[in-house]
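Asker: Build the 3D model from these lines:
(3 chains)
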Amino acid sequence: MRYALRRLGFFVLTLWVALTLNFLLPRLMPGNPALAMLTKFRDVSATPQTLHALEILFGVNSQQSLLSQYGSYLQHILTGNLGISLSEYPIPVTTVIGSAIWWTLGLVGVATILAFILGTGLGIVSAWRRGSKLDSIVPPTFVITSAIPYFWVAMVLILVFGLTLHWFPSQGGYYVTTDTPGLNLTFFQDVVNHAFLPAVSLLITTIGTWILTMRNTMITTLAEDYVRMARAKGLPARRIMFDYAARNAILPNLTGFAMSLGFVVSGAILIEYVFNYPGVGYMLLQAVSGEDYPLMQGLFLLITVAVLFAILVADLLTALLDPRTRTAS
Amino acid sequence: MTDTPVLEVSGLCVDYVLERGDVRAVDDVSFTLNRGEFLGIVGESGCGKSTLLFAVAQLLSPPARVAEGSVKFEGTEMVGLTDQQLSAIRWRDMSVVMQSAMNALNPVKSIGAQFKDAMRAHGKPGREEIAARSAEVLRMVGIDPVHLGSYPHQLSGGMRQRAMIAMALLFTPDLVIMDEPTSALDVVAQRSLMVQIKQLQVTYGFAVIFVTHDMSLISHFSDRLMVMYAGQVDELGATRAVFDRPLHPYTQGLLEAFPSIHGPKVPLKGIPGNPPDLARLPAGCRFHPRCPHAVDKCSQVAPELAAIDDALVRCLRRQDGSLPVKTSQPTSATRGA
Amino acid sequence: MAMPVSGVPTETSRTAFQVPAGRAFARVGRAVRSNRKATVGTVLLVIFILIAVFPWVIARDSPSQDAYTPQLGISTAHLLGTNHYGQDLFSQLVWGTRNVLIIAFAVGVATTGIAVLIGIAAAYLGGLWDSSLNVLTDVLLVIPLFPLLIIIAAYARGGTTLVLIIAITLTSWSYTARQLRSQALTLRNRDFLEAARVRGERKLYIIVVEVIPTMTSLIVASFLTNALYAVLFASSLQFIGLGDPNTVSWGTTLYWAENNAALQTGEPLWAIAPGACIAVLGAAFALLNYAFDEIGNPALRPVRKPARRKA
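Answerer: Presented below is the predicted three-dimensional model:
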């Protein structure tokens, strides 16, 4: 229980740091970028209230002290008011984000879960069969794949499977001209078709880490006395592999999962960009080039919160699986 | 059937396969263990005793491997059998107790769950049978069965060791192999654990191979004693005989290294030097650089294990009679302390 | 972008005695030669370094001069063809190596330096210092770095190479700091440090002379990791247009390629080639890193299957 509370406290703390960073960044940057953005808003004839809200969010022309700006900022953010998007004026940021979120969740969620399951499984088997042909190919191959930039894999896949072989579409989330979003089979098929290459890109680049980390921790775990003991007890090989070795080896993997989430996010952003996939990452980059700071800020906060939350879940899962953390003081 | 020795080890050699060449950690070890016999194996760290133990239990992992020799358990040859073939014998007829229970018990499973795993691996016991037997073995070692639900890290060191011993006795096997199970405990706990082990052994009649570096501890409990040095057996005989009349200079050195509470104050004598690097063994007798009785021949000829009276000893000078046998000084080890 | 391979904490089994620098290098040299991954990685890295230092040796054309006919294919005059603007792609990549390696080494050194300071200081100062540094590190660890980098670069209105280096350094030191701190903590109680303390050595001496040399393999591995991520992060940022588009670098070449829809308009090499360079350099760092992991932790080394001998 105490462990859970501590992780929750950490979650709140990091959230606060992220919010504060978000608050400080535009104010710290030289050249007052916010001012430039504000001019653009005036160009679209933004209402005075909108302008005022922006001044608070970004600290332009503000008569208030930094501290009270901070207070209003926090109040705005915590009540879900992330401002109005510039590029989609006058739609509020929260609505704009809402349209993109499901695309990313689907893509990243599915690809990550697949990568985790396949990667961990392959890592376990590879470690169990130390010295076999499988084990001599696996580590070097995936060491190399884990160093390949995400966008390059995406590009190669587009080139080969999208543009040359025409097996899969190479852009977008669905055929915007011919399909309308809805709960029908054609749309669903269309979505899966479009998501295939991006998902495979994400899978290829992220699976390497799972395999290698799991294999390394498994190798160390397999050398532990309790595994030798399990052999001595005559337990069947599969039970030793999963119940004794993998269950212990996976624990450091879970904490690694937390840290690698940040990288999964980066990968998703880049892959969405290359594929013009209408998710949160693509939207972020569009916002950057359009200097739509409210949208940018909102997306950053969303991504951060999502990652922090996932880490919290992973931490609590570790506590569930490892009785030592539960009773640790 | 009762005449077949429980264990027959002959010519066992274990190598570590390393990049710079193979290193022989266990060199030509042979011994026989009869039903209900308690064999102690003593030696310094690195002498190969733990490796020998694992080799006997077929628990070696790469880079260690059995290079030569045979290990016959109740008549069946075990070297070369796969884990699957061995699983029938494992735990039911031969079990293992390791040095550190903290490392030997799965940290994420409760004690009871680990007992259950062992029982389920051999036969199909029902839930009540598992619970009853688990409670029974815990009581045998003096632990309250309520701890079946505890995790290893929740028990004290002594309790963990005893839980491991309880687990080893789940099927009251014919042979229990113990690798320094008391080393991690304080002196008082050590003694009480040893007493308990001996009691269990006498009650249930299983044979024991007990590896330790603590000669004084083992002397009260073992029937026979084997002294290992640098991978070889240097002396093997009845415990009493080895203590009263140590034949090998190394054994003598070991005995003289233990201070006695009783009797006159005798200056402590250690054995100078260090055990040899197994990759760079001295020529001739492996012990000769540290032996107070070494002569020229000792650095040229490697002695074989030969019988003298009822014991086996690996020493040239003993074998050719140039070093007369004498009774050792009484130490706390030899007097029933 | 790649994810961290968190292997087992590499605990060096060095003896207490200081290894003189010369012998340490000889040992490293031997280890590199015997480990195939390390050899490949080192060779690749050396090739890249040579290219960066002497680019004119293999690429005679100026990279930014758009003097040639656009969209030429591969030929002996233009090894990788020309791009949409008539620039020679091969020389762009060759000259771009310099920028990439500068970023890689600058960030690698800076990040590892900061991490060494903070990580080891936290382990040795203990108490309140340790707790607060720890919390700082952990917090920075979980905040997703790439989005943060994007916003920083966005607010900076696109940055020069220096801005990239600073931004990446500031966001990447925390992982290494954490690793170094945990290893420093395990070392803190080792006997040889106890001996130094009893001798009366000052804390700074202990840290610099006793602790840091023992952690050399971890520090080198961290340098390699950070260099790798610097390359990936920097080229990604340049790729999406947040670097200086006028510098010659692999990421910026990619940016221009993407801007001109190179893949779709039949100039695939423009997009694929720089990416391939990044991949190869990244592979070099990663292989070296993996090899160092194996050198430091013998348990991970490839297991030699023993030859079948007659029993």
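Asker: Secondary structure class of the closest residue to chain A within the stretch 201-337 of chain B, three-state.
Answerer: In the stretch 201-337 of chain B, the residue that lies nearest chain A is residue B:209 (13.5 Å; Cβ to the nearest Cβ). All C-beta atoms are positioned from the backbone trio N, CA, C, and that covers glycine. Put simply, residue B:209 is strand when judged by DSSP: H, G, I helix; E, B strand; the rest coil.
Asker: Can you give me the neighbour number for it?
Answerer: Here the number of neighbours of residue B:209 (other Cβ atoms under 10 Å in any protein chain shown) works out to 28.
Asker: which residue is nearest the centroid of the chain?
Answerer: In the absence of a named chain, this looks at chain A. Most central in chain A under Cα atoms, centre = their mean is residue A:265, positioned 3.0 Å from the mean C-alpha point.
Asker: Sorry, I should have been clearer: chain C.
Answerer: In chain C, the C-alpha nearest the mean C-alpha coordinate belongs to residue C:227, at 1.5 Å (Cα atoms, centre = their mean).
Asker: how near is it to residue B:110?
Answerer: Going from residue C:227 to residue B:110 by Cβ to Cβ, to the nearest Å gives 46 Å.
Asker: and the stretch 51-200 of chain C, which of its residues are near chain A?
Answerer: For the stretch 51-200 of chain C, the residues found near chain A under the criterion Cβ under 8 Å from any Cβ of the partner chain are C:135, C:138-139, C:141-148, C:150-152, C:154-157, C:175.
Asker: Taking the residues you listed, please make a ChimeraX selection of just the buried ones.
Answerer: The ChimeraX command for the buried members of these (criterion: 16 or more other Cβ atoms under 10 Å in any protein chain shown) is given here:
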select /C:139,141,142,143,144,145,146,147,148,150,151,152,154,155,156,175
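Asker: if you look at the residues of the stretch 51-200 of chain C next to chain A, which of them are in helices?
Answerer: Among these, the members falling in helices are C:135, C:138-139, C:141-142, C:145-148, C:150-152, C:154-155, C:175 (criterion: DSSP state H).
Asker: Quick check: the two most widely separated of these?
Answerer: C:135 and C:154 (27.7 Å; Cβ to Cβ).
Asker: which residues does the residue of the stretch 201-337 of chain B closest to chain A bridge with?
Answerer: In this structure, residue B:209 has beta-bridge partners residue B:39, residue B:177, where bridges are defined by DSSP bridges.
Asker: Output the below-cut-off pLDDT ranges for the chain.
Answerer: As the question left the chain open, I've gone with chain A. With pLDDT under 70 as the threshold, chain A has low-confidence stretches at A:31-33, A:60-64, A:174-182, A:259, A:326-329.
Asker: Let me rephrase: I mean chain C.
Answerer: Flagging of chain C using pLDDT under 70 yields the residue ranges C:1-35, C:60-78, C:158-159, C:188-193, C:203, C:295-311.
Asker: now the closest residue to residue B:98 other than its chain neighbours: how far from residue B:38?
Answerer: Using Cβ to Cβ, 6 or more residues apart in numbering or on different chains and skipping residues adjacent in sequence, the residue nearest residue B:98 is residue B:104, 4.0 Å away. Residue B:104 sits 22 Å away from residue B:38, taking Cβ to Cβ as the criterion.
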